[in-house]
Structure formats: structure tokens, C-alpha cells
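[1] Predicted model follows, preceded by the sequence.
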Amino acid sequence: MNPIQLFDPVSSTFTYIIAGPNDDEAAIIDPVDEHWERDLAHIERLGLRLVYILETHAHADHVTSAGRLRALTGAKAAVPSGCGIPPAELQLCDGDVIRFGKEETIAVLHTPGHTAGSMCYVWRGNVFTGDTLLIDGCGRTDFQGGSAAALYDSVTRKLFALPDATRIWPGHDYKGQSVSTIGWEKQHNARLANRSLADFVVLMGQLNLPRPKLIDVAVPANRNLGLPHSV
């Protein structure tokens, strides 16, 4: 069964719903607060029951709906360990496996670089890469414990070690693209393909990207699963 890919046009964020064939348990990855009703409607329409809410990192450009979805469905929140999201039930580490449904498994890969705690999730020949690896690009590395050298290592040693046919489902896209493969990115990614570590570090250091507009609101909120601290 293919992932259900949903999009937030304001932050260009992808949210994913995954479930096995002939199964009624589902997981959602990187939900956006403004779209919690839409996401629940998709889950209910398909006759699914949400059991896990996964975050790839503490986002700086949107607020998650993880806390709200957890309260409404009873699903467990799963986040990267060490990224400062203490309310989540599962604090994930590299090599962990999340099991749901009849026989579904999600393999957890710690891929620091965009942030120190960034994670990617592998499921049925798909990898959900958050901001670590984008289509023909990658996430920035200049805040939240980011490191260009760590990102290069995460992509080249962990993600590019996956089978070439593995489908890449990124956390964002700004060019109307939706899915890629490991094989294509290894050969064509504009920032990473055929580039040395030293060249990549120089490239990332010269980006001079603007500060995310919502970072001062989004990061503190996301460290509490998107909920006010008084809740």
C-alpha cells in the first residue's frame, strides 16, 4: 500500500499516513496543526485507527498537531530522542523498530545534520526523510544543532546505503515534486551527488538563508507536541 501524501501549502510541508494492506492500524508522519481535521477525515474514511504519530524533528516552520491528534485518538507520539520533546511516549534511538498492525514495521534511522535529533523512517521500501534529504536538495544546517558535516555523513553513509529503488518521501518540496528514489538522488541531487564533504560544507556555509518566520513560535510549541504549555 502506498503512503498517503498530504500537503500544507503555507509551509510546503508533506504529511504522510501509512497503513498495511488489509489492516486497520495506521501511523502518521509530521502532521501540521492547521490540517488535523483533514488528516483525521482521511484516516476515518479509510476505516483506519491511528496508533502512532511520528515526528522527524522539532520543526521550525510549522506547528505540529501531534498533541491534538494524540488526545483525540489515543495514539502514541514517537519522536527523536534528544531533540527536546519530553511529552512524547516514545523517545526513539537509531536502530529502533516501531511495530503496528498485523505485521508492519518502521525502522528508525538517526540522521543528524538538519537538526541534531533528525530521524528518518523506513517502511516497505519507502523512506520518509523529513528535512534531511529533499528531492534534488537537502535541509539547511545553520540552526537547532545543525551540522553540514553531520548531514553529509547521514545522507551518504545511511540514506544512500539503502537500495536504489527505495522511494524517498521528503518533509518538504518547493518545486511541485512529490517523490524520488535513492538511486536518482545519488546520481543527481544538486547539493550532494558527486560532491566531497569539504565542498558540501563550503556550499552549505554560503547559503545565507533567511531565518524561518515561525521559528520562535514553532520550536517551543513543537517541543510540547504543538500544545500550549498550560495544557
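    All right, it came through fine.

[2] Local confidence estimate at the spatially most central residue of the chain?
    For the chain, the residue sitting closest to the mean C-alpha position, by Cα atoms, centre = their mean, is residue 130 at 2.9 Å. We note a pLDDT of 98 for residue 130 in this prediction.

[3] Provide a list of residues in contact with it.
    30, 56-57, 111, 114, 118-120, 139, 170-171 (Cβ atoms under 8 Å, 6 or more residues apart in numbering). C-betas here are computed from N, CA, C, even on glycine.

[4] in the sheet, who's paired with it?
    residue 170 (DSSP bridges).

[5] Mind putting the contacts of residue 130 into CSV with secondary structure?
    Below are the contacts of residue 130 laid out as CSV (DSSP: H, G, I helix; E, B strand; the rest coil):
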residue, secondary structure
30, coil
56, coil
57, coil
111, coil
114, coil
118, coil
119, strand
120, strand
139, coil
170, strand
171, coil
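
[6] List just the nearest of those to residue 207.
    Of all these, residue 139 has the smallest distance to residue 207: 10.8 Å, by Cβ to Cβ.

[7] hang on, that closest one packs against residue 147?
    No. Counting by Cβ atoms under 8 Å, residue 139 sits too far from residue 147 to count as a contact (11.4 Å).

[8] so what sits against both of the two?
    Joint contacts of residue 139 and residue 147 (Cβ under 8 Å, 6+ apart) are residue 113.

[9] Now tabulate the contacts of residue 130 in JSON lines and tack on pLDDT.
    Listed next are these as JSON lines, based on pLDDT from 0 to 100:
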{"residue": "30", "pLDDT": "98"}
{"residue": "56", "pLDDT": "98"}
{"residue": "57", "pLDDT": "97"}
{"residue": "111", "pLDDT": "98"}
{"residue": "114", "pLDDT": "98"}
{"residue": "118", "pLDDT": "97"}
{"residue": "119", "pLDDT": "98"}
{"residue": "120", "pLDDT": "98"}
{"residue": "139", "pLDDT": "98"}
{"residue": "170", "pLDDT": "98"}
{"residue": "171", "pLDDT": "98"}
